[in-house]
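Asks: A structural model of the following input is requested.
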Amino acid sequence: MAKHKVKPAAIFLLIVATAIVLVILGSVWLGTDTNRALKIAFTPTQPFKDDTRDAARDYMQDSAWAALPNYNSHATDRPQGVFDTAIIPDVDVFFVHPTTYLKKAHWNAPIKAPEANEAVDLRAMKMQASAFNTAGQIFAPRYRQATLGAFFDTTGEGVKAIGLAYTDVLAAFDNFIAEKNNGRPFILAGHSQGSLHLLYLLQHRISGTALQNRFVAAYLIGWPVSIEADLDALSGIGACATKSDTGCIISYQTFGLGGAPVNLKTYMETTVGLSGKSRKGSQMLCTNPLDWTIGGNAPRSTHLGAIIRNNDAEAPLSPPQKGFTGAQCGPDGVLYITDLPGEAWQQYKMAGENYHPYDIPMFYMNIRENATLRAQSWGATHVQ
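Replies: Take a look at the predicted model:
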């Protein structure tokens, strides 16, 4: 199996090139009005080199994973009233969780970070990774994720924290392929910071390698992807154009109709993509999760069910809310929901009608059906 070995120093430089101004990344979801306060609240004050960091995890150990097929996790949960139990037996899902470490004590989450780990187990695995659990077996690594404050830093220290987190994701994926996958086809899935790491992983581990022959699809949800500046750097890997395409990428960012994704647009105008080209003037990928077309516009009748976030983390997943909302991709590449969500969807909504925390739960059943369809489609068109 061919691999592109990437040294940590090179990783840092690549991330610097991709995210020139990290404060813009923080602005993407939280709005510039609060950036100053958030930077003060969440960004570590010590230099990255002086921070005390845990050693890299040993991914041969089950404890280094939030979800494994033989491991009791919430990634196997199903919404109430949903009784499908069969999974695609010959497909795996490699899921990378979003940012859950919010403290400023460290640039990267310690292995023993109770609140962050609990959020991974009871939120990310339960509300996000579980949406993929009929498409295949789920493998979800724990990693030294960059703290939330890394995305508001303007000194370059945050870049290093993100780079360190990425080295863990690479190590976990390499272990997954070498020790756990056994040559099966696989789906990549993530949200927010997790999707950022998977975008790089596609370039460094999948594109142009033998693994591309087993790559089913990548759900890079909640992170902006430029069709021209990012996807052009991935040989033979483009955007999924239909609901059953394989070997391709899905991505979207969720806003309310009439929302103001000003900072998301600023990110696209001021940063450099995987290809080394500016994202300025390029098109942000918007895959409509209701009809799985690029730039699509779909009515609420196509919505298969949203899952409400329950503040009781131990409670079972709620029954799906079918026909929750329609959705349309705007010319700016942003996914706008066309119907007003209720009060249950307001608690974690961000500035500018930004529903980033709900990117997956809001379209949970559509994602569930589609990931399974793509896994089946891959099996129907490939001889193993």
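Asks: Got phi/psi on residue 337?
Replies: With angles defined as degrees, to the nearest 10, residue 337 sits at phi -80, psi 150.
Asks: Can you give the distance from stretch 65-80 to the centre of its chain?
Replies: Computed by Cα atoms, centre = their mean, to the nearest Å, the chain-centroid distance of stretch 65-80 equals 18 Å.
Asks: which residues of the stretch 51-200 of the chain score low on pLDDT?
Replies: Along the stretch 51-200 of the chain, segments meeting pLDDT under 70 span 85.
Asks: residue boundaries of the helices in the stretch 101-250 of the chain?
Replies: Using DSSP state H, counting those that start in this stretch, the helices of the stretch 101-250 of the chain run over 114-119, 157-175, 193-201.
Asks: any idea of the angle the second one forms with helix 193-201?
Replies: Using axes from the mean of the first three to the mean of the last three Cα atoms, to 10 degrees, the direction of helix 157-175 lies 70 degrees away from that of helix 193-201.
Asks: Helix 157-175: which residues count as buried?
Replies: Of the residues in helix 157-175, 157-173, 175 count as buried by neighbour count, 16 or more other Cβ atoms under 10 Å. Yep, even glycine has a C-beta here, placed from its N, CA and C like the rest.
Asks: Next, the buried residues of stretch 99-115.
Replies: For stretch 99-115, a neighbour-count test (16+ other Cβ under 10 Å) marks 99, 100, 101, 103, 104, 106, 107, 108, 109, 110, 113 as buried.
Asks: check contacts around the fourth one.
Replies: Residues in contact with residue 103, defined by Cβ atoms under 8 Å, 6 or more residues apart in numbering, are 42, 113, 115, 116, 147.
Asks: can I get these in a markdown table with distance to residue 232?
Replies: Shown next, in a markdown table, are those (distance: Cβ to Cβ, whole Å):
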| residue | distance to residue 232 |
| --- | --- |
| 42 | 34 |
| 113 | 37 |
| 115 | 40 |
| 116 | 35 |
| 147 | 31 |
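Asks: which one of the residues you listed sits closest to residue 301?
Replies: residue 116 (38.9 Å; Cβ to Cβ).
Asks: Please report how far the closest residue to that closest one other than its chain neighbours lies from residue 244.
Replies: Nearest non-adjacent residue to residue 116, counting by Cβ to Cβ, 6 or more residues apart in numbering: residue 101, 4.0 Å away. Going from residue 101 to residue 244 by Cβ to Cβ, to the nearest Å gives 37 Å.
Asks: do residue 230 as well
Replies: 23 Å.
Asks: what do you get for residue 361?
Replies: From residue 361 across to residue 244, the span is 24 Å (Cβ to Cβ).
Asks: Name the residue in those two with the higher neighbour count.
Replies: Ranked by neighbour count (other Cβ atoms under 10 Å), residue 361 and residue 244 place residue 361 first, with 21 against 16.
Asks: my read: the more buried one touches residue 317, true?
Replies: No - with contact defined as Cβ atoms under 8 Å, residue 361 does not reach residue 317; the gap is 9.2 Å.
Asks: Could you tell me which residues touch both of the two?
Replies: The contact sets of residue 361 and residue 317 overlap at 127, 307 (Cβ under 8 Å, 6+ apart).
Asks: Any idea how many residues pack against the closest residue to residue 65 other than its chain neighbours?
Replies: In space, and not counting its chain neighbours, residue 65 is closest to residue 141: 5.6 Å by Cβ to Cβ, 6+ apart. When neighbours are counted by other Cβ under 10 Å, residue 141 registers 23.
Asks: For the stretch 101-250 of the chain, which segments count as strands?
Replies: For the stretch 101-250 of the chain, applying DSSP state E, counting those that start in this stretch gives strands covering 137-141, 186-191, 215-221, 248-250.
Asks: Can you tell me which of those strands is nearest to residue 202?
Replies: Using Cβ to Cβ, the strands of the stretch 101-250 of the chain put strand 215-221 closest to residue 202, at 6.1 Å.
Asks: In the sheet, which strands lie alongside the closest one, parallel or antiparallel?
Replies: Next to strand 215-221 in the sheet, as set by DSSP bridges, lie strand 186-191 (parallel), strand 248-250 (parallel).
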